[in-house]
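Colleague: dropping the sequence and predicted coords here.
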Amino acid sequence: MTGHALGIDIGGTKTSAAVVAADGTLGPVRTEPTPRGPQAVLDLVVDLIRDRTALAAGAEITCLGVGTAGVVDEHGTITSATSTLPGWAGTEVGVVLARRTGLPTTVLNDVHAFATAEARIGAGRGLPSLLAVMVGTGIGGAFVGPTGLWRGATGTAGSVGHVSTPLATGLPCSCGGSGHVESIASGPGIVELYRARHGTTLTTRAIAELARTGDRQAVEVLTHAGAALGEALAGIVDVLDPQVVVLAGGALQIGPGLLGAAVAALRSTALPGPARVPVRTSELGAVAVLIGAGFAARSGG
């Protein structure tokens, strides 16, 4: 497809937009707080799209790509979503935005978009397969193989955060279940783990600062959370045997203890072959979802 795509990244706290060229180059990124309620979110996206079109410096805009939190079906409808976007489940994002903008619209899960970008021009470029995992307010994942992104039969493929782990037994998850790795290794999970163990509610930043000073309690919490993440990843790489694992997300910035414990647990738990999989951090960072959404729009999904 010729022309440029508009990439949209809808998250639980912020929504971003940018023009995406065929090679993944981004125009200026505009970011706004994500409002409450599906209608308000869609209104914001339309406003961002109009702004991007006006600032596209004469570039022809031919399609719209949206990466969003939640499970997305083949029609661009949100079939399920966690509490990070209240009321989002059931929203016909693709149909509504195509009607309101007049642009062909492709909608996919935000981590699926992230993986698409990292596979093409980021940490997985040139490799036939990639497992991408984003660790932040929630934990999401995606698998890209030789034929491209694998969405799965219901659009749920790559839901790393909702893999059960014994280290999270009994802990409630944002999906309504319990015992999932997101319950213990996401940002909110780490905060709750620290509170449950030590009776004090601290931010992830405060926990990270304590860990950097060698505070034993903070280090133990991050190590426990990282081990849970690594054990979950070990089971997934055993099944998929990817060429590389790419990690991203704000929770990984909490401190080296979390990432180090995750990699160590993966290495010690997975089968001998998959245990050797390279583990890399994202090369594209926060804009990967925008880029991946643009790529998906240009290819029609």
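Modeller: Sure, I can see it.

Colleague: in three-state terms, label Ala89 for me.
Modeller: In terms of secondary structure, Ala89 is coil; the call rests on DSSP: H, G, I helix; E, B strand; the rest coil.

Colleague: from Thr77, how far off is it?
Modeller: Going from Ala89 to Thr77 by CB to CB, to the nearest Å gives 9 Å. (Each C-beta comes from the backbone N, C-alpha and C, glycine too.)

Colleague: between these two, who's got more neighbours?
Modeller: Between Ala89 and Thr77, counting by other CB atoms under 10 Å, Thr77 is the more crowded of the two (19 against 15).

Colleague: with Leu290 as the reference, measure out to the closest residue in space to that one that isn't next to it in sequence.
Modeller: Among residues not flanking Thr77 along the chain, Glu92 sits closest, at 4.9 Å (CB to CB, 6 or more residues apart in numbering). Going from Glu92 to Leu290 by CB to CB gives 22 Å.

Colleague: looking at the two, which is more packed in?
Modeller: For Glu92 versus Leu290, neighbours defined as other CB under 10 Å are more numerous around Leu290 (31 against 17).

Colleague: the more buried one reaches Gly67, doesn't it?
Modeller: Yes. Counting by CB atoms under 8 Å, Gly67 is a contact partner of Leu290 at 7.2 Å.

Colleague: anything in contact with each of the two?
Modeller: Gly7, Ile8, Asp9, Ala113 (CB atoms under 8 Å, 6 or more residues apart in numbering).

Colleague: would you turn the residues you listed into TSV with distance to Gly250, secondary structure and neighbour count?
Modeller: Output for those, formatted as TSV (distance: CB to CB, whole Å; DSSP: H, G, I helix; E, B strand; the rest coil; neighbours: other CB atoms under 10 Å):
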residue	distance to Gly250	secondary structure	neighbour count
Gly7	20	strand	32
Ile8	20	strand	31
Asp9	14	strand	28
Ala113	17	helix	33
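
Colleague: quick one: which of those residues is nearest to Leu202?
Modeller: Within those, the smallest distance to Leu202 is 28.4 Å, found for Asp9 (CB to CB).

Colleague: need the contact list for the closest one.
Modeller: Thr15, Ser16, Ala17, Gly67, Thr68, Asp110, Ala113, Val289, Leu290, Ala293.

Colleague: and for Gly141?
Modeller: Here Gly141 is in contact with Val111, Ala115, Leu131, Ala132, Val133, Met134, Gly158, Ser159, Val160, Gly161, Ile236 (criterion: CB under 8 Å, 6+ apart).

Colleague: so which of those residues belong to strands?
Modeller: Leu131, Ala132, Val133, Met134 (DSSP state E).

Colleague: possible to save the residues you listed as a markdown table with distance to Leu85 and neighbour count?
Modeller: Converted to a markdown table, these look like this (distance: CB to CB, whole Å; neighbours: other CB atoms under 10 Å):
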| residue | distance to Leu85 | neighbour count |
| --- | --- | --- |
| Leu131 | 24 | 27 |
| Ala132 | 21 | 33 |
| Val133 | 20 | 27 |
| Met134 | 15 | 27 |
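
Colleague: before we move on, the earlier item: what about the residue nearest to Thr77, distance to Val135?
Modeller: Distance from Glu92 to Val135, counting by CB to CB: 29 Å.

Colleague: the longest helix anywhere in the chain packs against which elements?
Modeller: Identified as the longest helix of the chain according to DSSP state H is helix 216-240. The helices and strands touching helix 216-240, judged by 3 or more CB pairs under 8 Å, 6 or more residues apart in numbering; DSSP states H and E, are strand 130-135, strand 139-145, helix 182-185, helix 187-198, helix 204-212, helix 256-269.

Colleague: which one of these lies closest to Val244?
Modeller: Nearest of the helices and strands packed on helix 216-240 to Val244, taken as CB to CB: strand 130-135 at 5.4 Å.

Colleague: figure out how far stretch 259-268 is from the centre of its chain.
Modeller: 20 Å (CA atoms, centre = their mean, to the nearest Å).
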